[in-house]
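# Fold the following for me, if possible:
(one chain, ligands or ions: 3)
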Amino acid sequence: MKTWLLSVVLAFASISALAPLGHTPVPLALKNYQCRKCAVVVQSSSTPSSYGCPAGSSHQWQNLGDVGWENYQCRKCATHVMNERQPSSYGCPAGSSHQWQHLSRVGDKTYQCRKCGLAIRCKSYPSSYGCPAGSSHQWNKLSN
Ligand SMILES: [Zn+2]
Ligand SMILES: [Zn+2]
Ligand SMILES: [Zn+2]
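Ligands and ions are numbered 1, 2, ... in the order given. A predicted model of the protein is given here:
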């Protein structure tokens, strides 16, 4: 009787571990890599190939941090990433260090800034600080 109960508990535990709760799960083993020369961002579990940078010869990859649930944008180069925490400030394509601004947690609402054109998926109204096009973002809600 006890063995039977234990196997039911274990089966339930393994099902809950597999079933995603809420939103589409972000594969957290991925990291955001950005090339400081051509500014492209790719999500990868290891450093991407350096061949064929459009800005000339080799990509120069910078590891920005783990892919996650927070929207950040650099007010200098306008790069947007979904990161677990404040991304690394090294290697801004616009020169020296990124200046990251936290915008909002990732969610199912879409907002676009009418000044810089950035469109992001947010849980709540994004911060207006640090628009790359100057002073404050002006967010429009595009969808729920
Ligand atoms: Zn590149
Ligand atoms: Zn930057
Ligand atoms: Zn903006």
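
# rest of the way, CA atoms for contacts and neighbours
Will do.

# Can you give me the neighbour number for the closest residue to G91 other than its chain neighbours?
With Cα to Cα, 6 or more residues apart in numbering as the measure, R36 is the residue that lies nearest to G91, at 5.4 Å, once sequence neighbours are left out. Other residues lying near R36 total 20 when counted by other Cα atoms under 10 Å.

# Would you confirm that R36 contacts S89?
No. Because the distance of 11.3 Å does not satisfy Cα atoms under 8 Å, R36 is recorded as not touching S89.

# Enumerate the residues of this structure near ligand 2.
For the chain, the residues in contact with ligand 2 (Cα under 5 Å from the ion) are 74, 76-77, 92, 98.

# Columns distance to G117 and secondary structure on top of those residues, output as a markdown table?
Conversion of those to a markdown table gives the following (distance: Cα to Cα, whole Å; DSSP: H, G, I helix; E, B strand; the rest coil):
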| residue | distance to G117 | secondary structure |
| --- | --- | --- |
| C74 | 14 | strand |
| K76 | 14 | coil |
| C77 | 13 | coil |
| C92 | 20 | coil |
| H98 | 19 | coil |
